[in-house]
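>>> The sequence and its predicted three-dimensional model are supplied below.
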Amino acid sequence: MALKRKRIGVLMGGLSAEREVSLRSGENVYQALKRRGYNAQRLVFDDPNALVEQLTGVDVVFNCLHGGIGEDGTIQLLLELLNRPYTGSGPLACALAMDKLAAKREFRHVGLLTPPHVEPPPQEPPPDSSDPGSEAWASWAAEVEEALGFPCVVKPVREGSSVGVHIVPDREALIEAVRQTRREFGAVFVEKFIEGKEVTAGILRVEGEDRALPLIELRAKRAFYDYQAKYTPGLTEFVVPAELDEGTTRRVQDVALRAHRALGCFGYSRVDLRVTPRGEPYVLEVNTLPGMTQTSDLPKAAEAAGIPFDELVERMLETALLKPVS
Ligand SMILES: Nc1ncnc2c1ncn2[C@@H]1O[C@H](COP(=O)(O)OP(=O)(O)O)[C@@H](O)[C@H]1O
Ligand SMILES: [Mg+2]
């Protein structure tokens, strides 16, 4: 096969908060490619000035960066410019997926459910807790309560892996969370809290078509949505396949695939959803570069579909050459 003769660069590391996870994903992918007989090499991204030289030293790029410029379309655009085929979605899909508000607009546009949301007033910074003064903020918080109820969810527009996501029980906590999250991550928005199961759907190109893999249900081991508690990762139990009836499972898979397509994603992704007790799937977000560590969701979902890790990696690699020219 043609790919076997090409130099494959596994791009990993990077400058985002998810650097360490990316290095683990990248190492796993590199090892899998080696086992499968590819001419693979590690491209550890530390220095933007060295990046172009690194990328032009290979024929195909397997992108294992997570978050930041690795996932928001910047690297994808650079790779287009350098004419180097790369795995996964193109620049526009990545940029849309990284901006949760833009993504929600696209989901709604194609008729998918996504939690209702409210944006905070754009300019004025919210008062800090020692200065409960601002009436504008008090009345905004009252509007949020009216529109979304409590608890509700404060999250950054552009950030991944749950950093900055706060589930807040009342107006005071809402204003405080907006203040803190905005200071740390820039633009924020508030979403209605969706009661129900937390489900993630891996999407993978199989036999020439992007398809939804078996669903994974993520269960908190203890009171996770603890009022005021910051979202704490790592206390989760994975149930594969998710405990949903057949009809709901198919509906969630269909919605996940439509969310992936709504953003123009290609080849693979991972779609996060909340599924209400009545079986309605609400799309939270699409991750265009899902983790590839031992404990990551996409490899688990592939495994449940009878696709072992090395084969998953090979299928992901093939998306580099299949992608429509943009
Ligand atoms: N509207 C919501 N209702 C209930 N839980 C939510 C909601 N939004 C986010 N969460 C919780 O926070 C987690 C992270 O949110 P998500 O939108 O997937 O952002 P990211 O994974 O990029 O940080 C979700 O997996 C879910 O557990
Ligand atoms: Mg998520």
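Received, thanks. Ligands and ions are numbered 1, 2, ... in the order given.

>>> When you work out contacts or count neighbours from here on, use the C-alpha atoms and nothing else.
Noted.

>>> list the contacts for residue 198?
217, 218, 219, 272, 273, 274, 275 (Cα atoms under 8 Å, 6 or more residues apart in numbering).

>>> again with residue 287
For residue 287, the contacting residues are 97, 98, 269, 270, 271, 272, taking Cα under 8 Å, 6+ apart as the criterion.

>>> if you set the cut-off to 10 Å instead, what comes out?
Counting by Cα atoms under 10 Å, 6 or more residues apart in numbering, residue 287 makes contact with 66-67, 71, 94, 97-98, 160-161, 202, 260, 265, 268-272.

>>> partner residues bridging it?
Under the criterion DSSP bridges, residue 287 forms beta bridges with residue 270.

>>> hang on, the earlier thing: show me how to select, in PyMOL, the buried members of the contacts of residue 287.
The following PyMOL line selects those of these that are buried, judged by 16 or more other Cα atoms under 10 Å:
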select buried, resi 66+67+71+94+97+98+160+202+260+265+268+269+270+271+272
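
>>> May I ask which two of the contacts of residue 287 are separated the most?
The distance between the two most remote of the contacts of residue 287 (Cα to Cα) is 19.2 Å, for 161 and 265.

>>> Secondary structure of residue 24: a helix, I assume?
Yes: the assignment for residue 24 is a helix, going by DSSP: H, G, I helix; E, B strand; the rest coil.

>>> 8 is where my numbering starts, stick with that
All right, first residue 8 from here; so that's residue 31.

>>> Point to the residue nearest the middle of the chain.
To find the centre residue of the chain, average its C-alpha atoms and take the closest one (Cα atoms, centre = their mean): that gives residue 294, at 2.4 Å.

>>> Tell me how far it lies from residue 95.
Here residue 294 is placed at a distance of 11 Å from residue 95 (Cα to Cα, to the nearest Å).

>>> what about residue 15, helix or strand, and which?
Secondary structure assignment for residue 15, by DSSP states H and E: strand 14-20.

>>> Partner strands of that strand, with direction?
When sheet partners are counted by DSSP bridges, strand 14-20 sits next to strand 46-52 (parallel), strand 67-70 (parallel).

>>> got the CA positions of the shortest one in CSV?
Written as CSV, here are the backbone C-alpha positions of strand 67-70 (Å, rounded to 0.1, in the frame of the first residue of the first chain):
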residue,chain,number,x,y,z
VAL,A,67,2.0,12.6,5.9
VAL,A,68,1.1,13.9,9.3
PHE,A,69,-0.8,12.0,12.0
ASN,A,70,-2.0,14.7,14.2
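
>>> residue ranges for the strands of the chain, please.
Along the chain, the segments classed as strands by DSSP state E run 14-20, 46-52, 67-70, 124-125, 159-163, 173-175, 195-199, 204-213, 216-219, 223-227, 243-246, 275-282, 288-294.

>>> Quick one: mean pLDDT over the fifth one.
Going back to what we said before, that points to strand 159-163. Strand 159-163 shows a mean pLDDT of 95.

>>> give me the number of residues near the closest residue to residue 117 other than its chain neighbours?
Take residue 117 and drop its neighbours on the chain: the residue closest to it by Cα to Cα, 6 or more residues apart in numbering is residue 269, 6.8 Å away. By the criterion of other Cα atoms under 10 Å, residue 269 has 22 neighbours.

>>> Show the contacting residues for residue 269.
Contact analysis of residue 269 by Cα under 10 Å, 6+ apart lists 100, 103-104, 110-119, 263.

>>> hmm, 8 Å instead?
Shown in contact with residue 269 (Cα under 8 Å, 6+ apart): 113, 114, 117.

>>> For ligand 1, state which of these is nearest.
Taking Cα to the nearest ligand atom as the measure, ligand 1 sits nearest to residue 114 out of the contacts of residue 269, at 13.5 Å.

>>> Surely that closest one is in contact with residue 266?
Yes: counting by Cα atoms under 8 Å, residue 114 does reach residue 266; the two are 6.0 Å apart.

>>> Stretch 195-213 and ligand 1, are they touching?
Yes: under the criterion of Cα under 6 Å from any ligand atom, ligand 1 is reached by stretch 195-213 at 198, 199, 200, 201.

>>> how about that stretch: buried residues?
Residues 195-201, 203-212 are the ones in stretch 195-213 that count as buried (16+ other Cα under 10 Å).

>>> now the end-to-end length of it.
Using Cα to Cα, the end-to-end distance of stretch 195-213 comes to 36 Å.
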